[in-house]
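> The sequence and its predicted three-dimensional model are supplied below.
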Amino acid sequence: MRSAVLRKEPPPMPAPVDSIVEVRGISKTYGDVEALRSVDLDFPRGKLTSLLGPSGCGKTTLLKIIAGLIEANAGTVTVDGKPVSGPGPERAFVFQDFALMPWATVMRNVAFGLELRGVAKTEREDKARHYIREVGLAGFENKYPHELSGGMRQRVGLARALSVDAEVLLLDEPFSAVDEQNRRKFQEDLIRLRTNQNKTFIFVTHSIEEAVYISDRIVLLSPRPGRVSQIIEPEIDRSGDPERIHRDQHYLDTVDEIWQGLKQYVE
Amino acid sequence: MTLFGYRVPMMASLLVWCVVWEIVGRLDLIFLLPPFSDVLVAAVDLVQLPSWQSATITTVRAFAIGMALAIAVGIPLGILMGRVRIADNLLGMWVNIFSSAPLSAIVPVLMILFGFGEKTIVAAVFLFAIWIIVLDTRAGVRHISPSLIEMARSYGASRPALYTKIILWAALPEILAGIRLGLIRGVKGVVIGQLLVAIVGYGALFETFSRNFRMAEFWALTIILFAFALLISELIERAEAKVEYYAGARQ
């Protein structure tokens, strides 16, 4: 299995931090609106980094520039040292509104990334089945998106992103259209998934609690123009019961610290 | 519809009107309206006539060719207008004018262009049917959620794959609605075309019947034509119902 090989510890090297995604001097304007101004960021390999900020800070724009879906006005993005000029197989995107094909079953939706790559039907369906089980949707393979709840639909979106074996997963506010109960369950599952997938996650959210709950690293963006205002690395032990994290003192302190920092942007 | 607590099927209202027709016809008020039973008898006789059979073949063939062309040209044109702003700006005005213009006025011009034969009828069907197909397809393509397109792009869809796997399917409910409305307009086109040319298919029959005041046959032919139009629109509606679940479920 490929994942077994990937799970091996990297050789002990004195190198500072191994960044898989590097953002250099990214600027973006929409007409007169300056969405991002000269953003420099590194995303360490195998970590979950959140982009957090008030609405209008350009966090989704930055994510879509990394995805190659939007072109920046200036600056470069490199993934594994290679400059990004469009979407690529080493990156997979999870959409805020799920972006599922309503005419296709869960199976076909999950396998769609592989279908576009020309993977044979039996092979891609085997793989899709594996990830459908992984996200907890076993038994729903032949259902259609409209037969699923919001939370389940986003699980389909996540399974689709996992099944293409991308190294970097880009998640654009994946839980914002999911109801509260499902969101909590989903966040717990994401923590579990992270430990056994060994992928790099870049996660856009506007929820401070969510960012602190799941992230290794939180990048705070200031609004208009979007720039990096602070980087926080909450050191929270996520090995045990995920429920416990919500009562962890360090978790609560970090949430409060970020809120104090963001307060100035809220009228 | 319920009457005195009983559920009355939809067809019942049609029956009522048939009875009314029969009564009015029997009163012999105007020769234009023979009793309904006479019309039915005429219809039975009519479908056995070789002239009706060959006229039907001519009509159905012209209709089918015209519709096939309208669909084959209309859908790509609608998609183009939905996706490319310049194309939309260039063509939008014309499509809108043609879709609401009294196209019957153009049929004589078609006769000059294509002669007094099948070509003119095909052109008339095409001209009547295509615009609504273009407009509905365009609306369907405009409706597609941008994130669905982004999704396809981010997973590496080629341009052809984007169109055949996403855009065509996502716009399918509107495309089918356009085809259904186009078919109904196409029936108009075939009848008007044939009436004006007057020597082809049903047009020739209509001409003969009305000139000779054979009203029973005239109405019989009309009813057959209506039934045909209703039947094909019903067939498309069935197909529409199959994709309806996602027309409403689209994000």
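Okay, I see it.
> Quickly find the element holding residue A:231.
Element membership for residue A:231 (DSSP states H and E) is strand A:227-232.
> Moving C-terminal from that strand, which element do we reach first?
Using DSSP H and E, the next helix or strand after strand A:227-232 towards the C-terminus is helix A:242-245.
> From the contact counts, what lies against that next one?
Packing partners of helix A:242-245 (3 or more CB pairs under 8 Å, 6 or more residues apart in numbering or on different chains; DSSP states H and E): helix A:180-197. (Each C-beta comes from the backbone N, C-alpha and C, glycine too.)
> Can you name every helix or strand that the helix it packs on contacts?
helix A:150-163, helix A:208-214, helix A:242-245.
> rewinding a little: buried residues in the strand holding residue A:231?
For strand A:227-232, burial by neighbour count (16 or more other CB atoms under 10 Å in any protein chain shown) applies to A:227, A:228, A:229, A:232.
> again with stretch B:88-106
Going by neighbour count (16+ other CB under 10 Å), the buried part of stretch B:88-106 is B:88, B:91, B:95, B:98, B:99, B:103, B:106.
> Contact residues of the stretch 1-150 of chain B facing chain A?
Neighbours of chain A within the stretch 1-150 of chain B, by CB under 8 Å from any CB of the partner chain: B:145, B:147, B:148, B:150.
> From the residues you listed, which land in strands?
Among the residues of the stretch 1-150 of chain B next to chain A, no member falls in strands (criterion: DSSP state E).
> neighbour-wise, which of those leads?
residue B:148 (23 neighbours; other CB atoms under 10 Å in any protein chain shown).
> ok, residue A:204 - contacts?
By CB atoms under 8 Å, 6 or more residues apart in numbering or on different chains, the residues touching residue A:204 are A:50, A:51, A:59, A:60, A:62, A:63, A:171, A:172, A:173.
> Could you dump those into a markdown table with secondary structure and distance to residue B:224 added?
Listed next are the contacts of residue A:204 as a markdown table, based on DSSP: H, G, I helix; E, B strand; the rest coil; distance: CB to CB, whole Å:
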| residue | secondary structure | distance to residue B:224 |
| --- | --- | --- |
| A:50 | strand | 69 |
| A:51 | strand | 67 |
| A:59 | helix | 64 |
| A:60 | helix | 59 |
| A:62 | helix | 65 |
| A:63 | helix | 61 |
| A:171 | strand | 60 |
| A:172 | strand | 57 |
| A:173 | coil | 59 |
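> Pull the most distant pair out of the buried residues of strand A:227-232.
Farthest pair in the buried residues of strand A:227-232 (CB to CB) is A:227 and A:232. Separation: 15.6 Å.
> quick one: residue B:190 and residue B:121 touch, right?
Yes: with contact defined as CB atoms under 8 Å, residue B:190 reaches residue B:121; the gap is 6.0 Å.
> so what's in contact with the two at the same time?
The contact lists of residue B:190 and residue B:121 share B:59, B:62, B:66, B:201, where a contact means CB under 8 Å, 6+ apart.
> before we move on, the earlier item: export the residues of the stretch 1-150 of chain B next to chain A to a markdown table and tack on pLDDT and distance to residue A:89?
Shown next, in a markdown table, are those (pLDDT from 0 to 100; distance: CB to CB, whole Å):
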| residue | pLDDT | distance to residue A:89 |
| --- | --- | --- |
| B:145 | 89 | 24 |
| B:147 | 90 | 20 |
| B:148 | 93 | 20 |
| B:150 | 92 | 16 |
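> Highest neighbour count among the shared contacts of residue B:190 and residue B:121?
The member of these surrounded by the most neighbours (other CB under 10 Å) is residue B:62, with 28 neighbours in all.
> show me what contacts the residue of the stretch 1-150 of chain B found nearest chain A?
Nearest to chain A, among the residues of the stretch 1-150 of chain B, is residue B:147, at 4.2 Å (CB to the nearest CB). The neighbours of residue B:147, taking CB under 8 Å, 6+ apart as the test, are A:95, A:96, A:97, A:99, B:251.
> any idea which of those is closest to residue A:185?
Residue A:185 has its nearest neighbour among the contacts of residue B:147 in residue A:96, at 18.3 Å by CB to CB.
> How many neighbouring residues does the residue nearest to residue A:151 when sequence neighbours are not counted have?
Excluding the flanking residues, the one nearest residue A:151 by CB to CB, 6 or more residues apart in numbering or on different chains is residue A:182, at 3.1 Å. Neighbourhood size, residue A:182 [other CB under 10 Å]: 16.
> how far away is residue A:182 from residue A:175?
8 Å (CB to CB, to the nearest Å).
> isn't residue B:70 right up against residue B:122?
No: applying CB under 8 Å as the test, residue B:70 and residue B:122 come out as separate, 9.8 Å apart.
> And the two? Which one has more around it.
Just comparing residue B:70 and residue B:122: by other CB under 10 Å the higher neighbour count belongs to residue B:70, 28 against 25.
> How about the contacts made by the more buried one?
Neighbour list for residue B:70: B:125, B:126, B:129, B:130, B:133, B:182, B:186 [criterion: CB under 8 Å, 6+ apart].
> Please name the nearest non-neighbouring residue to residue 150.
In the absence of a named chain, chain A is used. Counting by CB to CB, 6+ apart, residue A:178 is the residue found nearest to residue A:150 once chain neighbours are left out, at 4.8 Å.
> I was after chain B.
Nearest one to residue B:150, counting by CB to CB, 6+ apart, is residue A:69 at 5.3 Å.
> do residue B:194 as well
Among residues not flanking residue B:194 along the chain, residue B:203 sits closest, at 2.7 Å (CB to CB, 6+ apart).
> Mind exporting the C-alpha coordinates of stretch A:120-133 to PDB?
Extracted as PDB, the C-alpha positions of stretch A:120-133 are listed here (Å, rounded to 0.1, in the frame of the first residue of the first chain):
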ATOM      1  CA  ALA A 120     -10.500   2.200 -15.700                       C
ATOM      2  CA  LYS A 121     -14.000   1.800 -14.200                       C
ATOM      3  CA  THR A 122     -13.400  -1.200 -11.900                       C
ATOM      4  CA  GLU A 123     -10.200   0.300 -10.600                       C
ATOM      5  CA  ARG A 124     -11.600   3.700  -9.800                       C
ATOM      6  CA  GLU A 125     -14.700   2.200  -8.200                       C
ATOM      7  CA  ASP A 126     -12.600   0.000  -6.000                       C
ATOM      8  CA  LYS A 127     -10.700   3.000  -4.900                       C
ATOM      9  CA  ALA A 128     -13.800   5.100  -4.500                       C
ATOM     10  CA  ARG A 129     -15.500   2.400  -2.400                       C
ATOM     11  CA  HIS A 130     -12.500   2.400  -0.100                       C
ATOM     12  CA  TYR A 131     -12.800   6.200   0.500                       C
ATOM     13  CA  ILE A 132     -16.500   6.100   0.800                       C
ATOM     14  CA  ARG A 133     -16.000   3.700   3.700                       C
END
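> residues of that stretch that come out buried?
Neighbour counts over stretch A:120-133 (16+ other CB under 10 Å) mark A:124, A:125, A:127, A:128, A:129, A:131, A:132 as buried.
> Can you redo these as TSV, where the extra columns are distance to residue A:239 and pLDDT?
Listed next are the buried residues of stretch A:120-133 as TSV, based on distance: CB to CB, whole Å; pLDDT from 0 to 100:
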residue	distance to residue A:239	pLDDT
A:124	34	91
A:125	34	91
A:127	29	90
A:128	30	91
A:129	29	92
A:131	24	90
A:132	26	92
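> Now do the phi/psi pair for the residue nearest to residue A:100 when sequence neighbours are not counted.
Nearest-residue entry for residue A:100: residue A:145, 4.4 Å, with adjacent residues in sequence omitted and distances by CB to CB, 6+ apart. As for residue A:145, its main-chain torsions (degrees, to the nearest 10) stand at phi -50, psi -40.
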